[in-house]
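Enquirer: quick one: sequence plus predicted model below, questions after.
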Amino acid sequence: MANITINGNNIVGRNITITNNKIIIDGKDVSPDSKTIDIKIEGDIENFEVDYCNKIEIIGNTKDIRTSSGDVDITGNVTGNINTSSGDVDIAGDVQGSINTSSGDVDCYNVSGNVKTNSGDIKTKKS
């Protein structure tokens with residue numbers, strides 16, 4: 001189980017849904033009063049889906065990430081795909097799938113699939 005921090009508050013749970021600025025963990029609404037949502041996850045996760053947040057930081061490996069809006073920073077490898085409509089993507093590991101952002105920069109190491117941004121720059125990190 002990953003350790004999840006939302007706006008500085010530690011939360012433990014297995015099922016996380018963030019939709020319409022509502023954060024539901026294991027069936028309980030833990031939404032902050034603030035309109036700005038920053039999420040930090042320490043540990044490996046399978047899938048993460050959020051409609052809006054300011055920033056997602058994952059310290060660990062992940063499979064799939066999907067967000068409508070928000071920057072994505074991953075310190076680890078990605079075995080699936082990353083899709084975001086609006087937000088920068090920064091990965092400190094390799095990606096076995098593809099990365100797609102409609103509006104945002106992509107900065108990563110090796111990507112086995114495709115990398116696409118409609119409005120932004122794509123940069124490859126060097127080892």
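Expert: Arrived safely, thanks for sending. Residues are numbered from 1 along each chain as shown.
Enquirer: please enumerate the strands of this structure.
Expert: Listed from the start of the chain, the chain has strands (DSSP state E) covering 3-6, 9-11, 16-19, 22-25, 28-29, 38-42, 47-59, 64-75, 82-86, 89-91, 99-103, 106-108, 115-119, 122-124.
Enquirer: what does the last one contact?
Expert: In this case it means strand 122-124. With CB atoms under 8 Å, 6 or more residues apart in numbering as the test, strand 122-124 has contacts from 105-109, 115. Just so you know, the C-beta spots here come from the backbone N, C-alpha and C atoms, and that holds for glycine as well.
Enquirer: got the CA coordinates for the helix-or-strand element of the chain with minimal mean pLDDT in PDB?
Expert: Least confident helix or strand of the chain, by mean pLDDT, DSSP states H and E, is strand 16-19 with a mean of 79. C-alpha atoms of strand 16-19 as PDB (Å, rounded to 0.1, in the frame of the first residue of the first chain):
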ATOM      1  CA  ILE A  16      -8.600   6.400  -4.500                       C
ATOM      2  CA  THR A  17     -10.900   8.400  -6.800                       C
ATOM      3  CA  ILE A  18     -10.600  12.100  -7.500                       C
ATOM      4  CA  THR A  19     -13.500  13.500  -9.600                       C
END
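Enquirer: could you list the buried residues of that strand?
Expert: Neighbour-count burial for strand 16-19 flags 16, 18 (criterion: 16 or more other CB atoms under 10 Å).
Enquirer: remind me which residues of the protein are low pLDDT?
Expert: The model of the chain has pLDDT under 70 over residues 14.
Enquirer: related to what we said a few turns ago, show me which of the contacts of strand 122-124 are buried.
Expert: Buried members of the contacts of strand 122-124, counted by 16+ other CB under 10 Å: 105-108, 115.
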